[in-house]
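> using only what follows, build the 3D model:
(one chain, ligands or ions: 1)
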Amino acid sequence: MYDGCEVRRVNVQNDLAVLAARIRSATRLTILTGAGVSAASGVPTFRGQDGLWRQHRAEDLATPEAFGRNPRLVWEWYAWRRETIAGCRPNAAHEVIAAWSQRAGSRTVTQNVDDLHARAGTERLVRLHGSIWELSCWDGCANGATPWRDERVPLAEMPPRCPHCGGLARPAVVWFGESLRGEDVRAALQATACDVFLTVGTSAIVYPAAGLVHEARRQGAFTAEINLEATPASSGVDVAIHGGAETILPRVAELV
Ligand code: BV8
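So this is what the prediction gives:
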């Protein structure tokens, strides 16, 4: 007779084998990632206990209203995150996802702005919320609408200025209440037409990203979730595996 944790272990082993078999036979694999895949690299997640900064919640700072009210405070938050991320490297979860991205028909859609998927060499990457290493013009000049890359830590000046018009620069990320870029939304929706849709390390509450797994299931995809804890998506996927992405993904990769 199995005790509780033995049953759980057996169930997880079965789920890993089922997911690996589905990935092995898939011609179109789509992976959606959130902050949880970068947690093992040392990048603070949004809603975990490490998600607070000077007692501010991410949702309160990652908005155009917050930036308009106090650009220096919001830039200090981004400068702190840039400095933290600059010292982080891709972890085993990024490495497995980058390896799977070499397969034809695979696509990776990330909510993260830390660029760790790009640094791991991930192909066909859709960055739904932009990059913390890119800036654009807050004051709306034509040339400054196109994001430019600035990886200097610390930034040359605080707050940084637009090189085109000398106005205020902003992080070229998508804030709450802002629309995502049309081409990114289209690419993400196209990626829901797949055989396997795997969501990894996201609390599944930020839209439109959180709606993608439901759209994939509606189109007949096998859906799976790898996350440290249950989320609103857990009850709707075919397989929900609870554990660290940096340990679960390498185990699945061994079985594929
Ligand atoms: C928009 C960039 C049209 C900034 C971010 C429909 C329904 C409800 C609400 C809305 C809706 N449509 C729009 C909204 C409003 C809003 C929204 O969704 N709000 C939520 C809070 C309810 N959405 C928007 O505003 C979006 N815009 O839809 O445009 C529009 C326009 C105007 C008005 C309405 C609509 C724009 C959303 C983009 C916001 N920008 N980031 C920045 O980064 O500074 S979102 C931000 O949250 C990050 O990108 C982050 O990636 C993302 C999602 O969070 P997660 O990645 O899931 O991170 P989190 O910390 O929450 O969870 C981590 C998970 O990992 C946890 O579950 C944890 O257990 C797990 N974990 C931890 N360690 C590990 C692990 N898992 C595995 N292994 C581990 N080791």
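> so which bits of stretch 43-60 are buried?
Buried positions in stretch 43-60, judged by neighbour count with 16 or more other C-beta atoms under 10 Å: 43-47, 58. Any C-beta I mention is one placed from the backbone N, CA and C, and that applies to glycine too.
> list the contacts of V196.
Contacts for V196 (C-beta atoms under 8 Å, 6 or more residues apart in numbering) come out as 19, 22-23, 26, 28-30, 221-224.
> try 6 Å this time
Going by C-beta atoms under 6 Å, 6 or more residues apart in numbering, V196 touches 22-23, 26, 29, 222.
> just the buried residues of stretch 43-60: which has the poorest pLDDT?
Across the set of these, R47 stands lowest in pLDDT, at 82.
> do you know how far that residue is from G36?
Per C-beta to C-beta, to the nearest Å, R47 is found 10 Å from G36.
> now do H242
For H242 relative to G36 (C-beta to C-beta), the value is 11 Å.
> burial measure for A99, as a count.
Around A99 there are 16 other residues, counting by other C-beta atoms under 10 Å.
> same check, this time on the one 3 residues further on
Residues lying near Q102 (other C-beta under 10 Å) number 11.
> cool, and the one 5 residues further on?
Number of residues near R107 (other C-beta under 10 Å) recorded here: 22.
> with A17 instead?
A17, neighbours per other C-beta under 10 Å, totals 12.
> which residue packs closest to it, ignoring adjacent ones?
Counting by C-beta to C-beta, 6 or more residues apart in numbering, L255 is the residue found nearest to A17 once chain neighbours are left out, at 5.9 Å.
> that neighbour touches A20, doesn't it?
Yes: using C-beta atoms under 6 Å, L255 is in contact with A20, at 3.4 Å.
> can you name the element that comes right after the lowest-mean-pLDDT helix or strand in the chain?
Ranked by mean pLDDT, DSSP states H and E, the helix or strand of the chain with the weakest confidence is helix 4-25, at a mean of 86. Following helix 4-25 in sequence order, the next helix or strand is strand 29-33 (DSSP states H and E).
> and that next one, what other elements does it pack with?
Counting contacts by 3 or more C-beta pairs under 6 Å, 6 or more residues apart in numbering; DSSP states H and E, strand 29-33 is packed against strand 106-110, strand 196-200.
> got the CA positions of it in CSV?
Output of strand 29-33 as CSV, limited to C-alpha atoms (Å, rounded to 0.1, in the frame of the first residue of the first chain):
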residue,chain,number,x,y,z
LEU,A,29,5.4,22.5,-29.7
THR,A,30,4.6,25.8,-28.0
ILE,A,31,5.9,26.9,-24.6
LEU,A,32,4.6,29.9,-22.7
THR,A,33,6.9,31.1,-19.8
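> report the inter-axis angle for it versus strand 196-200.
20 degrees (axes from the mean of the first three to the mean of the last three C-alpha atoms, to 10 degrees).
> quick one: is stretch 128-137 near the ligand?
Yes: using C-beta under 6 Å from any ligand atom, stretch 128-137 comes into contact with the ligand via H129.
> and that stretch, how far out from the chain's middle?
On the basis of C-alpha atoms, centre = their mean, to the nearest Å, stretch 128-137 sits 14 Å off its chain's mean C-alpha point.
> stretch 141-154 too?
Using C-alpha atoms, centre = their mean, the offset of stretch 141-154 from its chain centre is 21 Å.
> now that stretch: mean pLDDT?
For stretch 141-154, the mean confidence score works out to 98.
> close to the ligand, is it?
No: if you take C-beta under 6 Å from any ligand atom as the test, stretch 141-154 misses the ligand, and the best it gets is 13.2 Å.
> pull up the residues of the stretch 1-150 of the chain that are close to the ligand.
Counting by C-beta under 6 Å from any ligand atom, the stretch 1-150 of the chain sits next to the ligand at 34-36, 39-40, 45-48, 51, 59, 62, 111-113, 129.
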